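J.: Sequence and predicted model, in that order:
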Amino acid sequence: MSKRSLATLFLAVLCLTPGCVLVNETRAPTSIEIQSMQTREFDVPYKIAFASVVDVFQDLGFVIQSSDFATGLIIAKGSVINKNVGVLEAASGVHSKIVWNVGTAHLEEPSDGKVSIRVSFVANVKVTLAYGMSDESSRAILDGEFYARFFEKIDKSIFVRQNLKNRANTN
């Protein structure tokens with residue numbers, strides 16, 4: 001076989017072989033996907049669910065900025081963390097970098113007796129440059145594992161609250 005025939009055969013096999021070319025495609029999640037990772041239902045009384053969400057925020061070092069039991073809205077601000085400024089940032093004039101998170105939770109009680117909880121988190125970064133100039137940015141946290149761990153903590157808090165309530169009723 002000639003080199004030309006081999007090359008043609010190779011290209012034909014390459015084109016006809018499905019799935020051989022790997023494409024690293026990163027796409028933004030849809031709003032339905034975001035809601036799905038940020039929402040869970042719990043089969044508990046509304047009062048226990050609300051208190052459990054507040055507990056988890058506080059256990060994670062958040063300060064409750066506001067909460068309204070009637071509307072089910074909880075807003076919490078994460079601890080301010082002063083990040084070390086890296087060498088490249090220092091060379092570009094970055095003086096300090098502060099990172100904090102804001103978390104919100106919304107609880108609803110559908111007619112089936114369950115409580116639906118949706119939480120969302122935003123990471124905020126404030127960079128102070130030389131001569132007092134600063135730049136601030138925010139981005140939504142869209143990590144499914146992060147939300148799964150948060151809901152696991154809520155589930156544990158609910159379990160503890162229910163058992164404390166049951167123990168108090170038996171004494």
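T.: Everything's here; your move.
J.: For the chain, which segments are assigned as helices?
T.: Secondary structure of the chain, counting by DSSP state H: helices at 3-16, 31-38, 46-59, 87-91, 144-170.
J.: Show me the shaky parts of this structure.
T.: By pLDDT under 70, the weakly predicted segments of the chain are 1-25, 79-94, 165-171.
J.: contacting residues around the residue nearest the centre of the chain?
T.: In the chain, the centroid-proximal residue (CA atoms, centre = their mean) is I141; its distance is 4.3 Å. I141 makes contacts with N101, S120, F121, V122, A123, as judged by CB atoms under 8 Å, 6 or more residues apart in numbering. Glycine gets a C-beta too; all of them are placed from N, C-alpha and C.
J.: Recalculate using a threshold of 6 Å.
T.: Residues in contact with I141 (CB atoms under 6 Å, 6 or more residues apart in numbering) are F121, A123.
J.: for S52, same thing?
T.: Contacts for S52 were tallied using CB under 6 Å, 6+ apart; they are I154, S157, I158, R161.
J.: Buried only: go through those for me.
T.: I154, S157, I158, R161 (16 or more other CB atoms under 10 Å).
J.: Please verify my assumption that the second one contacts V56.
T.: It stands for S157. Yes. Using CB atoms under 6 Å, S157 is in contact with V56, at 5.5 Å.
J.: Keeping just the C-alphas, turn stretch 55-66 into CSV.
T.: Only the C-alpha atoms of stretch 55-66 are listed here, as CSV (Å, rounded to 0.1, in the frame of the first residue of the first chain):
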residue,chain,number,x,y,z
ASP,A,55,-28.2,26.0,63.6
VAL,A,56,-26.2,24.9,60.5
PHE,A,57,-25.4,28.4,59.4
GLN,A,58,-24.1,29.2,62.9
ASP,A,59,-22.2,25.9,63.2
LEU,A,60,-20.4,26.9,60.0
GLY,A,61,-19.3,30.3,61.4
PHE,A,62,-22.0,32.4,59.7
VAL,A,63,-23.7,35.3,61.4
ILE,A,64,-27.4,35.5,60.8
GLN,A,65,-28.0,38.9,59.2
SER,A,66,-31.8,38.6,59.2
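J.: Distance from the chain centre to it, please.
T.: Centroid separation for stretch 55-66 versus its chain: 15 Å, with CA atoms, centre = their mean, to the nearest Å.
J.: Quick check: chain neighbours aside, which residue is closest to S157?
T.: Among residues not flanking S157 along the chain, S52 sits closest, at 3.9 Å (CB to CB, 6 or more residues apart in numbering).
J.: Next, find the distance separating the one you found from M133.
T.: Going from S52 to M133 by CB to CB, to the nearest Å gives 42 Å.
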